[in-house]
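In: Could you look at this predicted model? Sequence included:
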Amino acid sequence: MVERTLGDRAELLDAPRVTDGIMHVLGYDTHLSRLAPDRVVAEVIRSTRILLGMLSRTTSLVIWLSDLEFADDAVLALLEHLIDRLGRRPVVMMVTGMPKLFERWSPATGRFTLLGMALDGLDEDAMRLLAAEVAGSLDPATRAALVERASGNPLFLEEMARTLAATDGTDADNLPANVRSVIGARLDALDELARTVIGNAAVLGRRGDREWLQTFADVTMGGVDVTGAVAELSRADLLELTTKTWEFHSDLVRDVVYDRLTKTPAGPEPRRSRRVVGGQQIRRCRHRCVALPAGRLAAGGGRRR
């Protein structure tokens, strides 16, 4: 695909080198994983810039990055390069993030149109309509309390409604104080296997094939059947399933699950074997199994994205 996109410039631009950079971003094990982190970042920036630059010569592109406040410095550096190089091309770049993002980064002005949009919370009427839709089984007083507590945040309202639905609305006074805590409480209510499986899903990505989850279990969990756990995650509205695929109910659910993984203490890492599932590298150790996201810009560098 890369060589075809580069066309008659494939040799000049070193198509295999570009391919390695793109494959590293996608999480595949390449020789870049053995380079110094700053060299990896430089190679990834070069490969991404070349590939998107060549694609934008013949077609319009939309690049969408969500929850950018969690991005590490390497991702922000990549964005700066792309914005600078693609400013005159038929490219739309959409990013979303919390206000704290702009304490660290904002795009420099240049040869492009920059539009920012602040998203306010929903008004009370809209929140009441949403509450009736997602929490219709709860009594009116409880729904009104949810509307007041959510303060215009629709995702917070939805997550609180799901939490209460699991307790038949009997625990409204003990709901956590924010949406991430609500999701955390729902994860705590899962059995151990379901929590492990959703953690594996968070490593694999936002969505994927259902067979990946079983393959992940084959590699790291001794081949335990995860069919029941996947069904439980669907019933809990944490994963959305089709006959062949799964997808997180929201990016925030995946973020909360992933945060829990990255905060779990890990001991020294012994010699290991590796396997790639769904573009992510899984390492099976002699003493324990560790699932690591391989799709980071710098080897061993910070959070995903």
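Out: Arrived safely. Everything numeric in this text was worked out from a predicted model, so none of it was measured.
In: And residue 201, how far from residue 246?
Out: 7 Å (CB to CB, to the nearest Å). Placement of C-beta: from N, CA and C, glycine included.
In: which of these two has more neighbours?
Out: With neighbours defined as other CB atoms under 10 Å, residue 201 and residue 246 compare such that residue 201 has more, 28 against 23.
In: Check the burial of residue 23 by counting its neighbours.
Out: Neighbours of residue 23 using other CB under 10 Å come to 17.
In: buried set for the helix or strand containing it?
Out: Assigned by DSSP states H and E, residue 23 belongs to helix 15-25. For helix 15-25, burial by neighbour count (16 or more other CB atoms under 10 Å) applies to 15, 18-25.
In: what angle separates the helix or strand just after it from helix 15-25?
Out: With elements assigned by DSSP H and E, the helix or strand that comes after helix 15-25 is helix 37-55. Here the directions of helix 37-55 and helix 15-25 differ by 110 degrees (axes from the mean of the first three to the mean of the last three CA atoms, to 10 degrees).
In: name the helices or strands packed onto the helix or strand following helix 37-55?
Out: Downstream of helix 37-55, the first helix or strand assigned by DSSP H and E is strand 61-65. Under the contact criterion of 3 or more CB pairs under 8 Å, 6 or more residues apart in numbering; DSSP states H and E, strand 61-65 touches helix 37-55, helix 73-85, strand 91-95.
In: mean pLDDT for the ones you listed: which is lowest?
Out: Among the helices and strands packed on strand 61-65, helix 73-85 has the lowest mean pLDDT, at a mean of 87.
In: Send over it as CSV, restricted to the C-alpha atoms.
Out: Extracted in CSV, the C-alpha atoms of helix 73-85 (Å, rounded to 0.1, in the frame of the first residue of the first chain):
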residue,chain,number,x,y,z
ASP,A,73,4.8,15.1,23.6
ALA,A,74,5.8,12.9,20.7
VAL,A,75,2.2,12.9,19.4
LEU,A,76,2.0,16.7,19.7
ALA,A,77,5.3,17.0,17.8
LEU,A,78,3.9,14.8,15.1
LEU,A,79,0.8,17.0,14.9
GLU,A,80,2.9,20.2,14.5
HIS,A,81,4.8,18.7,11.6
LEU,A,82,1.6,17.5,9.9
ILE,A,83,-0.1,20.9,10.3
ASP,A,84,2.9,22.7,8.9
ARG,A,85,3.3,20.3,5.9
